[in-house]
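S.K.: Sequence first, predicted model second:
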Amino acid sequence: MAYQRYPSRYGQCDSFFVDCPDEGLYVQRATERERARNIAKMQQRVIQEDLSRMTREEYQEDILDHMEHMEGQTLPDVNSIDIQTEIQWFMRPYLLDFLVEAHAAFQLLPETLFLAVNLLDRYCSRRVVYKRHYQLVGCAALLIAAKYGDRKDRVPTVRELKSMCCSLYDDEMFTQMEWHVLQTLNWIIGHPTVDSFLQLALSEVEHDPEVEHMALYIAEIALFHKEFVSTRPSVLARSSLALARCILSRNQAKHSDWAGAYDPATVLNLSNHLYQPSQVLSRKYSVAQLSQVSLTVDEFLQRQAQIARRANAPPTPPASVHYEEPKPTTEAYLGPQTPQKHHYGGAVVNHGVLTPPITPDNDQFDGKCSGLIPRVYPTTPTPVPNVRHIQPQYYQNQYIHHVQ
């Protein structure tokens, strides 16, 4: 519309608008300006990506050297965890199931889970931990890891963590434990995770989401086993990537590349633990957003078992001889199985500081939520209302420890 004045018997009137033939010209010019701004933004984005790539390539070797140095400085000590008086290795998978589901509930980054487990293990390497505080340490580690590298709007609150723990701990206990973990680790939080090295290896080739999800699935399976606790994340990342490419029939990286220098022994150990993964982890990676890699692994193992049965089948006997063919077995193929959770004994720790907070005088841990190991594992969850974006299955008593 264009503004025009028309005379009237009352004088000049400024309140009339009529259609102007030039209106289309104004709209066209506004559209052209908007298009030019969008083109300029795209050009700036391309320039930023080019500069970022050039800078990364220039300092990539220095970055990799620093990451490999830091991973050696921030590894937990398995021998120190062995001599814990109360917490045992068989408790660890149940706590990790809880952390995996909490991590998925808050939609945190993959590296946050690896960093949280590293903080948990490093703390247990330096402090005496009561079994009734084991879950509290895990929650504090997840909270610190989320604050360190994740989006601010996805960082869990103390109220949400308290609800997931069935109000087993007070608000002050989460804050106090968070501070104590940071003090114990001398505020050294930065740790090159498996995901960090994996992204570095994947940046050298064309992006393949299925390979990335498969490698992450294998790396998270390794979190549940003691033998990989002190393994360097760079070794785990390259070995997980090599095994993922093998399962998906992808071409392996060149031996001259950094990603191609994987450890065959670690790859073999990882393959031996694919048969009995955590049910929580298997459900997590069975969704389409993560390429359903857990189902792909199950199909791969079934095919390998069939091949092994055909290879080990006895020759067909003559028709005149009554011969009963033995039942096929996969034991010869499966090889070493995932070890069962043993009760490791431990010597008394002569040096160390007891983990705060001190348990209240009134025995509040003997109530309904008094255990970490689930009574029925896994079970159908019960919903809890009025909690931010957390699914109901993360609030049942199956995660609260009742190890006696």
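M.R.: Good, I have the coordinates.
S.K.: domains for this protein, by residue range?
M.R.: Listed by the TED database, the domain ranges of the chain are 78-185, 194-310.
S.K.: for those, which one sits closest to Glu58?
M.R.: Of all those, the one in closest proximity to Glu58, counting by C-beta to C-beta, is domain 194-310 (14.2 Å). (Glycine included, C-beta is placed from N, CA and C.)
S.K.: Let me see the contact set for the nearest residue to Phe114 once chain neighbours are set aside.
M.R.: Counting by C-beta to C-beta, 6 or more residues apart in numbering, the nearest residue to Phe114 once its immediate chain neighbours are dropped is Thr193, at 3.8 Å. The neighbourhood of Thr193, defined by C-beta atoms under 8 Å, 6 or more residues apart in numbering, consists of 111, 114-115, 118, 233.
S.K.: This protein: helices as residue ranges?
M.R.: Along the chain, the stretches classed as helices by DSSP state H are 23-73, 78-82, 92-105, 110-124, 134-149, 158-164, 171-184, 194-202, 209-222, 233-247, 264-272, 279-284, 293-312, 331-334.
S.K.: distance between the second one and the chain's centre?
M.R.: The chain centre lies 23 Å from the centre of helix 78-82; the measure is C-alpha atoms, centre = their mean, to the nearest Å.
S.K.: CA atoms of that helix as PDB?
M.R.: Presented in PDB, the C-alpha positions along helix 78-82 are these (Å, rounded to 0.1, in the frame of the first residue of the first chain):
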ATOM      1  CA  VAL A  78      42.700 -51.100  39.000                       C
ATOM      2  CA  ASN A  79      44.900 -52.400  41.800                       C
ATOM      3  CA  SER A  80      43.700 -49.600  44.100                       C
ATOM      4  CA  ILE A  81      40.100 -50.400  43.300                       C
ATOM      5  CA  ASP A  82      40.800 -54.100  44.100                       C
END
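S.K.: Could you list the buried residues of that helix?
M.R.: Buried residues in helix 78-82, defined by neighbour count with 16 or more other C-beta atoms under 10 Å: 78, 80-81.
S.K.: before we move on, the earlier item: quick one: closest of the domains of the chain to Met70.
M.R.: When the domains of the chain are ranked by proximity to Met70, the top entry is domain 194-310, at 9.8 Å, counting by C-beta to C-beta.
S.K.: Output the below-cut-off pLDDT ranges for the chain.
M.R.: Low-confidence regions of the chain, defined by pLDDT under 70, span residues 1-23, 313-404.
S.K.: picking that back up, in TSV: the contacts of Thr193, plus distance to Val287 and neighbour count.
M.R.: Output for the contacts of Thr193, formatted as TSV (distance: C-beta to C-beta, whole Å; neighbours: other C-beta atoms under 10 Å):
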residue	distance to Val287	neighbour count
Glu111	20	20
Phe114	20	26
Leu115	23	29
Asn118	26	25
Pro233	25	25
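S.K.: Nearest to Val293, out of those: which one, please.
M.R.: Distances from the contacts of Thr193 to Val293 were compared by C-beta to C-beta; the smallest belongs to Phe114, at 17.1 Å.
S.K.: Packed most tightly, which of the domains of the chain would that be?
M.R.: domain 78-185 (a mean of 20; mean count of other C-beta atoms under 10 Å).
S.K.: Just give me how far that one sits from the chain centre.
M.R.: If you compare the mean C-alpha spot of domain 78-185 with that of the full chain, they lie 14 Å apart, counting by C-alpha atoms, centre = their mean.
S.K.: Would you confirm that Ala104 contacts Lys284?
M.R.: Yes: contact status for Ala104 versus Lys284: in contact at 5.7 Å, counting by C-beta atoms under 8 Å.
S.K.: What residues does Val129 make contact with?
M.R.: 84, 86-87, 123, 137, 355.
S.K.: I should have written Thr184 there, sorry.
M.R.: 123, 126-127.
S.K.: what's the answer for Val293, then?
M.R.: Counting by C-beta under 8 Å, 6+ apart, Val293 touches 210, 213-214, 217, 285.
S.K.: Val267: which of those is nearest?
M.R.: Relative to Val267, and with distances defined as C-beta to C-beta, the nearest of the contacts of Val293 is Met214, at 13.3 Å.
S.K.: if I look at the nearest residue to the closest one once chain neighbours are set aside, how far off is Met42?
M.R.: Closest residue to Met214 in three dimensions, ignoring its sequence neighbours and counting by C-beta to C-beta, 6+ apart: Ala244, at 3.7 Å. Separation of Ala244 from Met42 (C-beta to C-beta, to the nearest Å): 34 Å.
S.K.: Repeat that for Val117.
M.R.: In this view, Val117 and Met42 are 40 Å apart by C-beta to C-beta.
S.K.: swap in Pro233?
M.R.: From Pro233 over to Met42 (counting by C-beta to C-beta), the distance is 36 Å.
S.K.: circling back: and the residue nearest to Phe114, backbone torsions?
M.R.: phi -80, psi 170 (degrees, to the nearest 10).
S.K.: now Ala261
M.R.: Dihedral angles of Ala261 (phi, psi; degrees, to the nearest 10) stand at phi -90, psi 60.
S.K.: before we move on, what about Gly260?
M.R.: With angles defined as degrees, to the nearest 10, Gly260 sits at phi -80, psi -10.
S.K.: ok, it touching Arg245?
M.R.: No: if you go by C-beta under 8 Å, Gly260 and Arg245 don't touch, sitting 10.4 Å apart.
S.K.: Spit out the residues that contact the two alike.
M.R.: Contact criterion C-beta under 8 Å, 6+ apart; residues shared by Gly260 and Arg245: 252-253.
S.K.: on that earlier part again, which one among the buried residues of helix 78-82 gets closest to Thr296?
M.R.: Val78 (31.2 Å).
S.K.: residues contacting that closest one?
M.R.: Applying C-beta under 8 Å, 6+ apart to Val78 gives the contacts 226, 229-230.
S.K.: Try it again at 10 Å.
M.R.: If you count contacts by C-beta atoms under 10 Å, 6 or more residues apart in numbering, Val78 has them with 89, 121, 125, 226-231.
S.K.: Could you save those as TSV and add columns showing distance to Leu270?
M.R.: Putting the contacts of Val78 into TSV (distance: C-beta to C-beta, whole Å) gives the following:
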residue	distance to Leu270
Trp89	19
Asp121	18
Ser125	23
Lys226	14
Glu227	10
Phe228	8
Val229	14
Ser230	15
Thr231	10
